[in-house]
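>>> Prediction below, plus the sequence it came from.
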Amino acid sequence: MSLPILERSNSRATAARPRTLRPVVAPELRISDNPAAAVLRAATGGPVSRDNAAKATGLSIATVNRQVSALLAAGLLRERPDLTTPGAVGRPRVPFEVDHDSFLTLGIHIGAVSTKIVAADLRGRIIGGLAIATPQTGQDFATTTIARSAKAFLRRWHRRRALWAGVAIGGRVDAVGGTVDHPALGWQAAHLGAVLAEVLELPISVAPHVEAMAASELLLPVPQPDRAPERGAGLFFYVRETAGVAVTLDGRVHTPSSGPGSIAHLPTGSDVTCSCGRRGCLEATVGDRALVARAVGKGIIPAHNGTAGSTITDLYNAAAEGSGPAHDLLVERATILGNAVALVSDMLNPDRVILGGQAFTGYRPGVAHVAKAFRSASALPPTDIRISGFGGKVQEFAAVVASLSSLYADPLAAVRRLAASE
């Protein structure tokens, strides 16, 4: 089988070619059983022999050899003859690895307040990034501004070829068309995917951000040695400015046909008034801006003037510097979070629960209070519950997995799609 070989640099001739409309491609938030995908995944952790790749994937040596040859021809893998065992005979003993120097994917996480733009290599490791304020002045201006910022960032990486772009964003996402409804930003049917594909000149995938965070736990190397198993049922619980959950089943993120569910209005018993008119809704109680507003109202932190105003960092800093009221407010949030996680977990009874977002990771002393409240509120036997290994970068890695998911699901088909769009 002859496959298009990925060029490893952007030439002037390439830049001069007429622009072609790049497609919006629905992300594949799952562990693929495609043989080429399995071999590529086996190499994301570093150089691997064909024998070890066969053991890791469960594929036969013959199948591994065929997939390695095809992935080498496509340019996604490279051989490492310098690591060949001395005295070994035969090509199959030459280790191979993902080519992590020649290519990149572009990830964009669009939050209610800030947008993160990152570049990642084909192993899923972030190699650079920046943050901009999410434009609040209308969806057309916002999507165009984000696209142009991403394009300017991409120009820094002239030694690598960009293969794909991925977006992780809250709200309701039509992954097939790349349109987004985002109430917090006031977006309705925003053509985010089409705008980014046009400006970036790359295939693009748009994913709901909490589902993408759950997928990152399945597909990307997590920096913690005792990571949870990939199979079984998992619950990913996210809170920062917004709150959301995603469910994984046997290596696949469950994506309801009508979009992800919502826990924004889960009752907490607090007296905080939500924009919906009710009191005690989860997001209005524990979201960063809501918590900052309460802290300012109670005089715990000053009401800063200027464009930024008071932030959650001011509250964290006050607690770290010994402010009892700041600490108490953060512990109150941690307790509410632990109760909410227990409620949702008991309804679903997953094999593991993963907590992501700065509401969990921003104030480390609060983690113990989350765990305490969870144990007290849950009526089920002890559950494997942990903080995401991606810590404060969970949003960026959600964008990374959106940008890599098509390559990880069927790398050879993705290469053909790239060639067809050029």
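Okay, I see it. Numbers count the residues shown, from 1 in each chain.

>>> Check which helices and strands the helix or strand hosting V245 sits against.
Following DSSP states H and E, one finds V245 within strand 243-249. Using 3 or more CB pairs under 8 Å, 6 or more residues apart in numbering; DSSP states H and E as the contact test, the elements touching strand 243-249 are helix 209-219, strand 233-239, helix 282-286. (C-beta placed from N, C-alpha, C; glycine too.)

>>> Out of the ones you listed, which is the most enclosed?
Greatest average neighbour count among the helices and strands packed on strand 243-249 goes to helix 209-219 (a mean of 29), per mean count of other CB atoms under 10 Å.

>>> Now find how far off-centre that one is within its chain.
Helix 209-219 sits 5 Å away from the centroid of its parent chain (CA atoms, centre = their mean, to the nearest Å).

>>> can you state the direction angle for it and strand 233-239?
Using axes from the mean of the first three to the mean of the last three CA atoms, to 10 degrees, the direction of helix 209-219 lies 130 degrees away from that of strand 233-239.

>>> residues in contact with the closest residue to K116 other than its chain neighbours?
In space, and not counting its chain neighbours, K116 is closest to H109: 4.5 Å by CB to CB, 6 or more residues apart in numbering. H109 sits next to T115, K116, V118, V167, A168, I169, H209, Q395, E396, A398, A399 when contact means CB atoms under 8 Å, 6 or more residues apart in numbering.

>>> hey, where'd the strands end up in the stretch 151-300 of the chain?
Using DSSP state E, counting those that start in this stretch, the strands of the stretch 151-300 of the chain run over 161-169, 172-174, 179-182, 187-190, 204-208, 233-239, 243-249, 252-253.

>>> Could you pull up phi and psi at G362?
Main-chain dihedrals, G362, degrees, to the nearest 10: phi -70, psi -30.

>>> how far away is it from T85?
When distance is defined by CB to CB, to the nearest Å, G362 is 47 Å away from T85.

>>> Who has more neighbours out of those two?
G362 (18 against 10; other CB atoms under 10 Å).

>>> ok, that one - contacts?
Residues I312, Y316, G392 are the ones in contact with G362 under the rule CB under 8 Å, 6+ apart.

>>> and those residues, which of them are in helices?
I312, Y316 (DSSP state H).

>>> out of the contacts of G362, which are buried?
I312, Y316 (16 or more other CB atoms under 10 Å).

>>> Closest to D351 out of the contacts of G362?
For the contacts of G362, the closest approach to D351 (CB to CB) belongs to G392, at 25.5 Å.

>>> so who does that closest one touch?
Neighbour list for G392: Q358, T361, G362 [criterion: CB under 8 Å, 6+ apart].
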